[in-house]
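Trainee: model the structure of this input:
(chains A and B)
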Amino acid sequence: MDAERTLLAMVLADSRFPAGAHAHSLGLEQAVAGGLRAGDVPAFAAARLRLVAEADARVAVAARRGDTPLADLDEEWCARCPSPVLREAARRLGAQLLRSAASVFEGRRIPAYRATSRATPRPVALGVVAAAAGLDDEAVALLALYDDAATVTSAALKLLPLDPAVTTRWLAELAPAMALAARAVAADRRPVADQPAPAAVALELAATAHQRHKERLFAS
Amino acid sequence: MQADRALRVGIVGPVGSGKSHLIAALCRELAGECRVGVVTNDIYTTEDAEFLRSTGVLPADRISAVQTGGCPHTAIRDDIAANLEAVSELEAAAGPLDLVFVESGGDNLTAIFSPALADVQAFVIDVAAGDDIPRKGGPGIARADLLVINKTDLAPHVGADVELMVAESRRRRDPLPVHATSLRAPDGAAAVAGWVRERLAAFHAHGHLHSSAEGAPDHHHAHPH
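Mentor: Next up is the predicted model:
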């Protein structure tokens, strides 16, 4: 990618991009309630990359390519995420991303998807936005992976006694795994329905328990 | 020019200054004359929304809660996507509304709404937090469209000088309004309700409003006022 597109990828990866991600811990809050300790955060983030974020990245890349109807991708993603609580969290994150991105990037794809999709899962929304920003498959996959891990490490600071420089080092240490996964996802030309779809059943079950908590900081 | 959406009134201020009670009182004052909705920004889950639902001043479906990840100031200023979505969803679900109060979760003196979220905003402080608060200043005290100095009934008990608070506030804010209120009084929210009515009328007349929080008003529009 040229410098301009790299910069647009950075704009989308920046936590200052107004898409409401700061209100989510992606399951970390419930994991902490269940006994997860500060030193376990890197393993939690790595497990999410393997079991959740890589599958999300595959859907995002398919949405960017545009060769599968977006409504079909919505359904493919929902089939990979049976938890109604997690679907709702992803719908909100997707809708918020689309709302801001519609003001940031030109073109008709973002408004069209925003107007027609009821599910707006964040991975599909991310692929649509990335297409408007002119990003390539590997950049979209990296964005999906990085955003997942960065949301976890950022939420960790509010949940556990941690040094922000340390959580950022953990994020940086995931770079080789994220790069490897992004290359594999970008190289996979099969329809998303034929691609690997792992599941994190424990996270899906924990999300429902989290929703029932009266006192929690995060929406997910 | 008629606006095609509800007027969004931001209510912001420190923890415990009485924002939720003020909104409940305003809903009681205004419920008979316009269609009101409320979006709360909670620090912990949906406590403010639940308080408002428990007061019965509005149907439950007119109250919606945004979860802020412990950062209400981020959710009302730096990243307002979740709030704009919540207002849209409320208007879509509850039918056309005239007025939506957006309550910030209790925060410090530096919190202020983005003008893209709140058309106008009231900053609420209270006498019990200390009568030097207006002197300490901050963007809410200096620039909010309305400053409410709440709980004046407590002033004799906490040694606060309400007149001094009002005078220092006026010095900082002139000509922006300051209202000293006690919600214990039967018509305690009447003056603030009057301000809301007047802003709503101006919103309907112009189709939009300029919040003083935006800084110097920009009146270079293509359309006449």
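
Trainee: now find how far off-centre the top helix by length along chain A is within its chain.
Mentor: When chain A is parsed with DSSP state H, its longest helix is helix A:137-159. Computed by C-alpha atoms, centre = their mean, to the nearest Å, the chain-centroid distance of helix A:137-159 equals 7 Å.

Trainee: for that helix, C-alpha coordinates in PDB please.
Mentor: The C-alpha coordinates for helix A:137-159 follow below in PDB (Å, rounded to 0.1, in the frame of the first residue of the first chain):
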ATOM      1  CA  ASP A 137      -6.800  -7.500   2.300                       C
ATOM      2  CA  GLU A 138      -3.800  -7.800   4.500                       C
ATOM      3  CA  ALA A 139      -4.400  -4.300   6.000                       C
ATOM      4  CA  VAL A 140      -8.000  -5.100   6.700                       C
ATOM      5  CA  ALA A 141      -7.100  -8.400   8.400                       C
ATOM      6  CA  LEU A 142      -4.400  -6.600  10.500                       C
ATOM      7  CA  LEU A 143      -7.000  -3.900  11.500                       C
ATOM      8  CA  ALA A 144      -9.500  -6.600  12.700                       C
ATOM      9  CA  LEU A 145      -6.800  -8.400  14.700                       C
ATOM     10  CA  TYR A 146      -5.100  -5.300  16.100                       C
ATOM     11  CA  ASP A 147      -8.400  -3.700  17.100                       C
ATOM     12  CA  ASP A 148      -9.400  -6.900  19.000                       C
ATOM     13  CA  ALA A 149      -6.200  -7.200  21.000                       C
ATOM     14  CA  ALA A 150      -5.900  -3.400  21.600                       C
ATOM     15  CA  THR A 151      -9.400  -3.200  23.000                       C
ATOM     16  CA  VAL A 152      -8.500  -6.000  25.400                       C
ATOM     17  CA  THR A 153      -5.200  -4.500  26.600                       C
ATOM     18  CA  SER A 154      -6.800  -1.000  26.900                       C
ATOM     19  CA  ALA A 155      -9.700  -2.400  29.000                       C
ATOM     20  CA  ALA A 156      -7.200  -4.300  31.200                       C
ATOM     21  CA  LEU A 157      -6.000  -0.900  32.600                       C
ATOM     22  CA  LYS A 158      -9.400  -0.200  34.100                       C
ATOM     23  CA  LEU A 159      -9.900  -3.800  35.500                       C
END
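
Trainee: average model confidence for stretch B:158-172?
Mentor: Regarding stretch B:158-172, the rounded mean pLDDT is 96.

Trainee: please apply the same query to stretch B:22-41.
Mentor: 95.

Trainee: CA atoms of it as CSV?
Mentor: Extracted C-alpha coordinates of stretch B:22-41, given in CSV (Å, rounded to 0.1, in the frame of the first residue of the first chain):
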residue,chain,number,x,y,z
LEU,B,22,-33.1,17.7,37.9
ILE,B,23,-34.0,15.7,34.8
ALA,B,24,-36.8,14.0,36.6
ALA,B,25,-38.2,17.3,37.8
LEU,B,26,-37.9,18.8,34.2
CYS,B,27,-39.7,15.7,32.8
ARG,B,28,-42.6,16.4,35.3
GLU,B,29,-42.7,20.1,34.3
LEU,B,30,-42.6,19.5,30.5
ALA,B,31,-44.4,16.1,30.1
GLY,B,32,-47.8,17.7,29.4
GLU,B,33,-46.5,20.0,26.7
CYS,B,34,-43.9,18.1,24.7
ARG,B,35,-42.7,14.6,24.0
VAL,B,36,-39.6,14.0,26.0
GLY,B,37,-36.9,11.2,26.0
VAL,B,38,-33.8,10.7,28.1
VAL,B,39,-30.4,9.1,27.3
THR,B,40,-28.2,8.5,30.3
ASN,B,41,-24.5,7.9,30.3
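
Trainee: tell me the contacts of A:Arg122?
Mentor: A:56, A:90-91, A:93-94, A:97 (C-beta atoms under 8 Å, 6 or more residues apart in numbering or on different chains). For every residue, glycine as well, the C-beta is placed using N, CA and C.

Trainee: one step back: summarise which helices and strands the helix or strand following the longest helix of chain A is packed against.
Mentor: Sequence order places helix A:164-173 as the next helix or strand after helix A:137-159, per DSSP states H and E. Applying 3 or more C-beta pairs under 8 Å, 6 or more residues apart in numbering or on different chains; DSSP states H and E, we find helix A:164-173 packed against helix A:41-48, helix A:137-159.

Trainee: assess the claim that A:Arg216 and B:Tyr44 are in contact.
Mentor: Yes - in this structure A:Arg216 lies within contact range of B:Tyr44 using C-beta atoms under 8 Å: 6.8 Å.

Trainee: okay, those two: which has more neighbours?
Mentor: A:Arg216 (20 against 15; other C-beta atoms under 10 Å in any protein chain shown).

Trainee: name the element the more buried one belongs to?
Mentor: Applying DSSP H and E, one finds A:Arg216 in no helix or strand.

Trainee: need the residues of chain A near chain B, please.
Mentor: A:16, A:18-20, A:22-25, A:92, A:95-97, A:99-100, A:155, A:158, A:213-219 (C-beta under 8 Å from any C-beta of the partner chain).

Trainee: give me the buried stretch members for stretch A:212-220, please.
Mentor: A:216-220 (16 or more other C-beta atoms under 10 Å in any protein chain shown).

Trainee: name the single longest helix found in chain B.
Mentor: Chain B, longest helix under DSSP H: helix B:190-206.

Trainee: got CSV for the buried residues of stretch A:212-220, with pLDDT and distance to A:Leu49 too?
Mentor: Listed next are the buried residues of stretch A:212-220 as CSV, based on pLDDT from 0 to 100; distance: C-beta to C-beta, whole Å:
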residue, pLDDT, distance to A:Leu49
A:Arg216, 90, 24
A:Leu217, 91, 23
A:Phe218, 94, 19
A:Ala219, 94, 21
A:Ser220, 96, 17
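
Trainee: for the helix or strand bottoming out on mean pLDDT in chain B, which outside residues touch it?
Mentor: When each helix and strand of chain B is scored by mean pLDDT, DSSP states H and E, helix B:47-55 comes last, with a mean of 88. By C-beta under 8 Å, 6+ apart, the residues outside helix B:47-55 that reach it are B:19-20, B:23-24, B:27, B:38, B:40-42, B:58, B:60, B:63-65, B:103, B:105.
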